[in-house]
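Visitor: Okay, sequence plus prediction incoming.
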Amino acid sequence: KAIHRASSRSEAPFVAVNGAAIPRELLESELFGHERGAFTGAIAARPGRFREASGGTLFLDEIGDMPLALQAKLLRALQSGEITSVGGRNSEIVDVRVIAATHRDLDLELSEGRFREDLLYRLRVVPIHLPPLRERAQDIRILAQHFVATYGEELCELPVVLADDAAEYLETYSWPGNVRELENAIKRALVMTAGGFLTPEDFSFLVNKQGYASTRADLSSLVTEQVREALHTPGASDIYHHILEDIERPLLEATLAHTQGNQLRAAALLGINRNTLRKKIVELHIDVPG
């Protein structure tokens, strides 16, 4: 949309098509239109997205999901500027600038025979790589503040402020779902908050699932080993509290090191109350960084 608005085509239509959201058997008709009676259910003619975008921009989202047979027809449209409706006999010239996007590695798709080489080169005129959100942490605070301003009054019926430490906490998360995940996280926090400020505690539901699964497997191995050792140690008892302490200390130390001693952010990351964290720091004689 930004490219379209900044171009000489900005007064003409911007038409978006998500190839992954449309059934494959209907995608050709969606793009090129169809004549009345061209197939069962075609009770009226339809112009198609290429004609609707004529003079403007056609955005083909998830181009990597397009079937091979349709890729050939798209290539012809891009090369000649001519399209033919499903069930039609005559071709028509359209003036359309195409922007395509995909989450797939098209070079890999090409090597595995799922994407046409000639279409890839026809599309790859000005490639733009959008890094994942985790690689542009400087954008997280700006986007989060934007979403808070956009949805704050709608969901909370009062202005809401994103606290600085909450923004810092969001910057430590890996965001595997990118901007959409950040937007949904802000909405969830706004729905659940009871005040006019979003704090790190409001985002304690964020968990890096991949890292958590790996950590859980490692902890399981550690606990199993310690239980076996206790079974072979005469007079061993109270292994619950011993194992719990062995796990709790490195967990708290690693979290505090990650947050550079910020106990508020550490408590939010752990999903516990700040007072509970402070109590554990004293009980376990943990040195807080900074």
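Guide: Right, received. Where do you want to start?
Visitor: hey, let's count contacts and neighbours off CA atoms from now on
Guide: OK.
Visitor: And the lowest mean pLDDT element among the helices and strands of this structure?
Guide: Ranked by mean pLDDT, DSSP states H and E, the weakest helix or strand in the chain is helix 209-231, scoring a mean of 61.
Visitor: what comes up buried for the helix or strand that it is followed by?
Guide: Next along the chain after helix 209-231, taking DSSP states H and E as the criterion, comes helix 239-258. In terms of neighbour count (16 or more other CA atoms under 10 Å), helix 239-258 has its buried residues at 249, 252, 253, 255, 256, 257.
Visitor: same deal with stretch 262-279?
Guide: Buried, per 16+ other CA under 10 Å, within stretch 262-279: 262, 263, 264, 265, 266, 267, 268, 269, 270, 271, 274, 277.
Visitor: which one of those residues is nearest residue 290?
Guide: Lowest distance from residue 290 to these (CA to CA) belongs to residue 262, with 8.6 Å.
Visitor: how close does that closest one sit to residue 248?
Guide: As for residue 262, its distance to residue 248 is 18 Å (criterion: CA to CA, to the nearest Å).
Visitor: is it true that residue 174 touches residue 134?
Guide: Yes: using CA atoms under 8 Å, residue 174 is in contact with residue 134, at 5.2 Å.
Visitor: Show residues contacting stretch 37-52.
Guide: 13, 15, 17, 29-36, 58, 83, 85-88, 94, 96 (CA atoms under 8 Å, 6 or more residues apart in numbering).
Visitor: which regions of the chain sit below the pLDDT cut-off?
Guide: Residue ranges of the chain with pLDDT under 70: 207-222, 232, 236.
Visitor: What segments of it are helices?
Guide: Ranges of helices within the chain are 2-5, 24-32, 49-52, 68-80, 106-111, 117-123, 138-156, 164-171, 178-192, 209-231, 239-258, 263-270, 274-283, based on DSSP state H.
Visitor: Generate JSON lines for those, with distance to residue 100 as supplementary columns.
Guide: Output for the helices of the chain, formatted as JSON lines (distance: least, CA to CA, whole Å):
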{"stretch": "helix 2-5", "distance to residue 100": "12"}
{"stretch": "helix 24-32", "distance to residue 100": "13"}
{"stretch": "helix 49-52", "distance to residue 100": "13"}
{"stretch": "helix 68-80", "distance to residue 100": "12"}
{"stretch": "helix 106-111", "distance to residue 100": "12"}
{"stretch": "helix 117-123", "distance to residue 100": "7"}
{"stretch": "helix 138-156", "distance to residue 100": "23"}
{"stretch": "helix 164-171", "distance to residue 100": "29"}
{"stretch": "helix 178-192", "distance to residue 100": "19"}
{"stretch": "helix 209-231", "distance to residue 100": "30"}
{"stretch": "helix 239-258", "distance to residue 100": "39"}
{"stretch": "helix 263-270", "distance to residue 100": "38"}
{"stretch": "helix 274-283", "distance to residue 100": "47"}
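Visitor: Just tell me which of these ends up closest to residue 201.
Guide: Among the helices of the chain, the nearest to residue 201 by CA to CA is helix 263-270 (4.6 Å).
Visitor: what angle sits between that closest one and helix 164-171?
Guide: 40 degrees (axes from the mean of the first three to the mean of the last three CA atoms, to 10 degrees).
Visitor: and helix 263-270, C-alpha only, in CSV?
Guide: C-alpha atoms of helix 263-270 as CSV (Å, rounded to 0.1, in the frame of the first residue of the first chain):
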residue,chain,number,x,y,z
GLN,A,263,13.3,-7.2,38.9
LEU,A,264,10.0,-5.9,37.5
ARG,A,265,10.8,-7.3,34.0
ALA,A,266,12.1,-10.5,35.5
ALA,A,267,8.9,-11.1,37.5
ALA,A,268,6.8,-10.5,34.4
LEU,A,269,8.9,-12.9,32.4
LEU,A,270,8.6,-15.6,35.1
